[in-house]
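Visitor: based on what follows, work out the 3D shape:
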Amino acid sequence: MIGLFLAAPGAAASSGGFDLLQLLLQATGAVRAVLFLLVVLSIIGWYVIGYKAFSLGRAAAESARFLDAFWQAKRLDEIYQNIEQYTRSPIAHMFKAGYVELSKIQSQKQKGEAGSFQEGGEMDNVERALRRAALSEGTHLENMIPFLATVGSAAPFIGLFGTVVGVINAFTKIGQNGSANLATVAPGIAEALGTTAVSLVAAVPAVMAYNYFARRIRVLGAEMDSFTNDFLNIVKRHFLR
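Guide: Numbering: from 1, shown residues only. As a prediction, this is how the structure comes out:
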């Protein structure tokens, strides 16, 4: 597939042409190292893209189902009993944390320990539980995403290094042969352009995927913030008046 980018002219007449893949495999050690690193980054990047697309899709779908169940339910304990159906939903995990904290407060009030809380402290405890869960879930959603940003920003520079090495090799051969004909210059220039092309193949999908996933995470984050406010309003109206 890499060979589709470029074919080196005037090389290996017996085989009818020398494609880029063959040229890079026979390139200098530095160019091989650059190519190997770019290929590894690209493979890992595509794995991350596939994994995050699946996990974020599951998170969004289960969060939507959880919110439907949440607003249709008449009691919070009904939702809590079925919470294991939404293991991929960050909003469900937030609800679980808030419900557990609310249950602790209710239990302490029934035991006559309400005096251990300052005025307004009960709501603060529930809110802190929700915020901690939201922070944890946000960190989980962003897992692996920075790698895509790293590939998108670093791959072109790695390719540029390979380009510089290829150009240096071309000028070195010119100096050794004392001439600047096409047969002397073409291999080094092809190495240079080849590493640039491979670096773009690695960087462009990573940047596009990073921007797409970042937007989806922002949407989920906004839904989590909205749920926090809704849950606190419900608790304030019905439980901690």
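
Visitor: quick one, what contacts the most centrally placed residue in the chain?
Guide: Central residue of the chain (CA atoms, centre = their mean): I145, 2.1 Å from the mean position. Residues counted as contacts of I145 (CB atoms under 8 Å, 6 or more residues apart in numbering) are 48, 52, 210, 213-214, 217. In this view, the C-beta of every residue, glycine as well, is placed from N, C-alpha and C.

Visitor: export the residues you listed to JSON lines and tack on secondary structure and pLDDT?
Guide: Putting the contacts of I145 into JSON lines (DSSP: H, G, I helix; E, B strand; the rest coil; pLDDT from 0 to 100) gives the following:
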{"residue": "V48", "secondary structure": "helix", "pLDDT": "96"}
{"residue": "K52", "secondary structure": "helix", "pLDDT": "96"}
{"residue": "Y210", "secondary structure": "helix", "pLDDT": "96"}
{"residue": "F213", "secondary structure": "helix", "pLDDT": "97"}
{"residue": "A214", "secondary structure": "helix", "pLDDT": "96"}
{"residue": "I217", "secondary structure": "helix", "pLDDT": "96"}
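
Visitor: ok, so of those residues, who is nearest D77?
Guide: Checking those against D77 with CB to CB, the nearest one is I217 at 30.6 Å.

Visitor: any idea how far L141 is from that closest one?
Guide: Distance, I217 to L141, by CB to CB, to the nearest Å: 5 Å.

Visitor: now do the shared contacts for those two.
Guide: Overlap of the contact sets of I217 and L141 (by CB under 8 Å, 6+ apart) consists of L56.

Visitor: could you flag which of the contacts of I145 are buried?
Guide: Applying 16 or more other CB atoms under 10 Å to the contacts of I145, the neighbour count classes 48, 52, 210, 213, 217 as buried.

Visitor: with distance to T163 added, can I get those residues in TSV?
Guide: Formatted as TSV, those follow (distance: CB to CB, whole Å):
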residue	distance to T163
V48	26
K52	30
Y210	24
F213	29
I217	34
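
Visitor: out of the residues you listed, flag the one nearest to V126.
Guide: Nearest to V126 among these is I217, at 24.6 Å by CB to CB.

Visitor: from H93, how far off is that closest one?
Guide: 15 Å.

Visitor: what's the answer for G121, then?
Guide: According to CB to CB, G121 and H93 sit 24 Å apart.

Visitor: which parts of this protein are helices?
Guide: For the chain, applying DSSP state H gives helices covering 20-25, 29-72, 76-81, 90-110, 121-141, 145-177, 182-238.

Visitor: and L102, what does it touch?
Guide: L102 makes contact with 76, 126, 235, 239, according to CB under 8 Å, 6+ apart.

Visitor: not counting sequence-adjacent ones, nearest residue to V165?
Guide: A30 (4.7 Å; CB to CB, 6 or more residues apart in numbering).

Visitor: just checking, the one you found touches T163?
Guide: No. The criterion here is CB atoms under 8 Å, and A30 misses it with T163 at 11.3 Å.

Visitor: okay, those two: which has more neighbours?
Guide: Remark: of A30 and T163, T163 carries more neighbours, 22 against 17, as counted by other CB atoms under 10 Å.

Visitor: the more buried one and L200 touch, don't they?
Guide: No. Using CB under 8 Å, T163 makes no contact with L200, being 11.3 Å away.

Visitor: sounds good, over and out.
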